[in-house]
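1. When you get a sec, could you give me coordinates for this:
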Amino acid sequence: MEKYIIKGGNVLSGEVSIGGFKNAALPIIAAALLTEENVVIDNIPDVKDINVLLDAISEIGAVVKRISRHSVMINAKGIYSTCLENDMIKKIRASYYPLGSLLGRFKKAVVPLPGGCNIGNRPIDQHIKGFQALGAEIKIEHGMIIANADKLVGNDVYFDVTTVGATINVMLAAVLAEGNTVLENAAKEPHIVDVANFLNSMGANIKGAGTDVIRIKGVKALHGTEYSVIPDQIEAGTFMMAAAVTKGDITVKNVIPKHLEAISAKLAEMGCKLTEGDDYIRVNGNCNLKRTKVRALEYPGFPTDMQPQITVALCFAEGTSIVTDTIFDGRFKYVDELTKMGANIKVEGGNTAIVEGIDKLTGAQVSSPDLRAGVALVTAGLAADGFTIVDDIEYIERGYEQLDEKLRKLGAQIQRVRDDKEIKKFKLKAV
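-> Below is the predicted model of the structure:
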């Protein structure tokens, strides 16, 4: 098993370029199955989740051609099966997106129940509710979601809770349904807008994405397109937090600052100096961080995927901070790992962390419980005294491309290692 070893204490500075947003690219790849024509998708990140989904759709007959590391052509004309049984796709959350697109085009689909990070209860009842409203019959058998419909007909769908996955999935199914579909209490995240823009570029008729009411007028067919995925706001936010934690000065390039407003606002509240341009944000964290309260909410609130990273930053803030996550009920599993490094955090009620600021963290061997928690532990290691070893980095590499390389270019001492020999070698070289 590979792991990261980090020698903390370096002030990070310089520029980092952000890649495409995994959470947008995954449903966009699934949406490419809705047409028989060529679809070219640019600015996709080269990460495990993306590659697993591309392999899975190729196994059912889609032609997948890598144009470059971050660009792919997909032609789904030759799909011969609507059943995804790929073992790897069972391990990622995005396994459910082909359900919407295959159901929309072929009126049937069989996909595994979603996997991914173990960060609490993430039900699919709202997906099922939406598909049933369009006329599909849904069964769950042997760990698979089975969907069938004679035809799909537009309908009004009111989501009982705001859900990104269900909003996107029902939208995928509805674009080829007969008549009009209205999605109410829809999620408003930037990647929902990106998926809608992609579908519209293929000839769909979607209005209202980015608001809580999305209106879809069904069309008979979609055509090919070329499209570029939006930048990854969570990768960007992670490097912004790294600047705060290490008292660094990092310019985060290739971003949409509007998507980062909640993160920027909290960093400014904590005392960091931010400078914003059309496609970049510069974060100067050379300050005494101040305490704050953070509540993870649906967009445009503070993103749950940034909650572990800001909790690490608040370990260095003066006084007591409170972090509450209303989205997932198991997102504080990393706190025990931070405690090994000297953090003073108490979790109350399962969804609130009380963080007492301390002078320093110290290096330790810690394990990644999930994707975002794992990268937060890396961030902690960057600022800790001594050496930190982060195990289970396969979680991190599901969503971050070349994380160690990007950090090294900013001045971090971090290396991917496989065994004790390589760990010893790193320690001997570290300054």
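2. where are the low-confidence patches of the stretch 151-300 of the chain?
-> Along the stretch 151-300 of the chain, no part satisfies pLDDT under 70.
3. the strands in it, which residues?
-> 156-158, 180-184, 205-207, 213-217, 225-228, 249-253, 273-276, 280-284, 293-296 (DSSP state E, counting those that start in this stretch).
4. now the ones you listed as JSON lines including distance to Lys409?
-> Yep, even glycine has a C-beta here, placed from its N, CA and C like the rest. Formatted as JSON lines, the strands of the stretch 151-300 of the chain follow (distance: least, CB to CB, whole Å):
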{"stretch": "strand 156-158", "distance to Lys409": "46"}
{"stretch": "strand 180-184", "distance to Lys409": "42"}
{"stretch": "strand 205-207", "distance to Lys409": "39"}
{"stretch": "strand 213-217", "distance to Lys409": "40"}
{"stretch": "strand 225-228", "distance to Lys409": "24"}
{"stretch": "strand 249-253", "distance to Lys409": "11"}
{"stretch": "strand 273-276", "distance to Lys409": "20"}
{"stretch": "strand 280-284", "distance to Lys409": "16"}
{"stretch": "strand 293-296", "distance to Lys409": "29"}
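5. nearest to Gln413, of the ones you listed?
-> strand 249-253 (16.1 Å; CB to CB).
6. Include mean neighbour count when you put the strands of the stretch 151-300 of the chain into CSV, please.
-> Listed next are the strands of the stretch 151-300 of the chain as CSV, based on neighbours: other CB atoms under 10 Å:
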stretch, mean neighbour count
strand 156-158, 16
strand 180-184, 19
strand 205-207, 16
strand 213-217, 20
strand 225-228, 16
strand 249-253, 21
strand 273-276, 14
strand 280-284, 21
strand 293-296, 18
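7. For Phe239, which of these is the nearest?
-> Per CB to CB, nearest to Phe239 of the strands of the stretch 151-300 of the chain: strand 249-253, 5.2 Å.
8. list the helices and strands the closest one packs on?
-> Using 3 or more CB pairs under 8 Å, 6 or more residues apart in numbering; DSSP states H and E as the contact test, the elements touching strand 249-253 are strand 13-17, helix 233-245, strand 280-284.
9. What lies in contact with that strand?
-> 11-18, 236, 239-240, 242-243, 279-286, 410 (CB atoms under 8 Å, 6 or more residues apart in numbering).
10. what do you get if the cut-off is 10 Å, keeping everything else the same?
-> 11-18, 231, 235-244, 260, 272-273, 275, 277, 279-286, 410-411 (CB atoms under 10 Å, 6 or more residues apart in numbering).
11. Give me the sheet partners of it and which way each runs.
-> strand 13-17 (parallel), strand 280-284 (antiparallel) (DSSP bridges).
12. how about these in TSV, adding distance to Asp370?
-> Shown next, in TSV, are these (distance: least, CB to CB, whole Å):
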stretch	distance to Asp370
strand 13-17	23
strand 280-284	25
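13. Out of the strands of the stretch 151-300 of the chain, the one nearest Gly78 is which?
-> Nearest of these (CB to CB): strand 225-228, 18.6 Å.
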